[in-house]
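**Q** can't give you the sequence, but here's the structure:
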């Protein structure tokens, strides 16, 4: 096929290159930081944990969410570096909260599929001396769980042995299947907000969410609902 080159395409190329350079500079200057979203017990309303959300503290544009930088970070192959940065920040914050008697039981951080394929992952985690049960890894890309990737499976087992919980994120909309749950045996799963938000008005969606909760209970997996805002 052929396609006319346009000013808009040129502009997009220039923008992508500029953002890519800024991301690399931002990593050097420690501009990627966690923002924390609390997770509550539905019955007692006590905080049972927080999720660390990656944000870019841009020197000119302020706080930027992943939709601005994630695609380009993936192309640059630096998502695993951002993951590691957020984890290290979270561990420091967790220590500060504990010292200040602020009771936050655990922190959940995202971990990309590519990072789970890193041969140095377990070695680097051992150096961090993570206290058992205080950190959870959220698997944001679950597609590989249905494939036979022995190295990723080994890494996940080692992560569990280090006392780090494993969670499946956005359950119900992505690739994660019941087979994934049986194979991985995560500590908890998170029901995607697209399923949770409509339950106030839709009996059908309510039934679906109820079924996922029952599956979790039958497998001994804790369930977290995303998008509860009312």
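**A** Structure's in. What do you need? Not measured: the values here are computed from a predicted model.

**Q** rest of the way, CA atoms for contacts and neighbours
**A** Will do.

**Q** got the phi/psi numbers for residue 63?
**A** Per-residue torsions, residue 63: phi -80, psi 120 (degrees, to the nearest 10).

**Q** got a list of what the nearest residue to it once chain neighbours are set aside touches?
**A** Nearest residue to residue 63, sequence neighbours excluded (C-alpha to C-alpha, 6 or more residues apart in numbering): residue 57, at 4.6 Å. By C-alpha atoms under 8 Å, 6 or more residues apart in numbering, residue 57 lies in contact with 31-33, 63-64.

**Q** Which secondary structure state is assigned to residue 57?
**A** Three-state call for residue 57 (DSSP: H, G, I helix; E, B strand; the rest coil): strand.

**Q** just residue 155 next, same as before
**A** Three-state call for residue 155 (three-state DSSP): helix.

**Q** returning to that earlier point: so which of the contacts of residue 57 wins on neighbours?
**A** residue 32 (22 neighbours; other C-alpha atoms under 10 Å).

**Q** show me what contacts the residue nearest the centre of the chain?
**A** Closest to where the C-alpha atoms of the chain average out (C-alpha atoms, centre = their mean) is residue 110, at 2.5 Å. For residue 110, the contacting residues are 52-53, 83, 137-140, by C-alpha under 8 Å, 6+ apart.

**Q** Quick one: the contacts of residue 57 as TSV, columns for secondary structure, pLDDT and distance to residue 215 too.
**A** As requested, the contacts of residue 57 are arranged in TSV below (DSSP: H, G, I helix; E, B strand; the rest coil; pLDDT from 0 to 100; distance: C-alpha to C-alpha, whole Å):
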residue	secondary structure	pLDDT	distance to residue 215
31	coil	97	40
32	strand	97	36
33	strand	97	35
63	strand	96	38
64	strand	96	36
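
**Q** Okay, the residue nearest to residue 64 when sequence neighbours are not counted and residue 92: tell me how far apart.
**A** Of all residues not flanking residue 64 in the chain, residue 56 sits nearest, at 5.0 Å (C-alpha to C-alpha, 6+ apart). As judged by C-alpha to C-alpha, to the nearest Å, residue 56 and residue 92 stand 18 Å apart.
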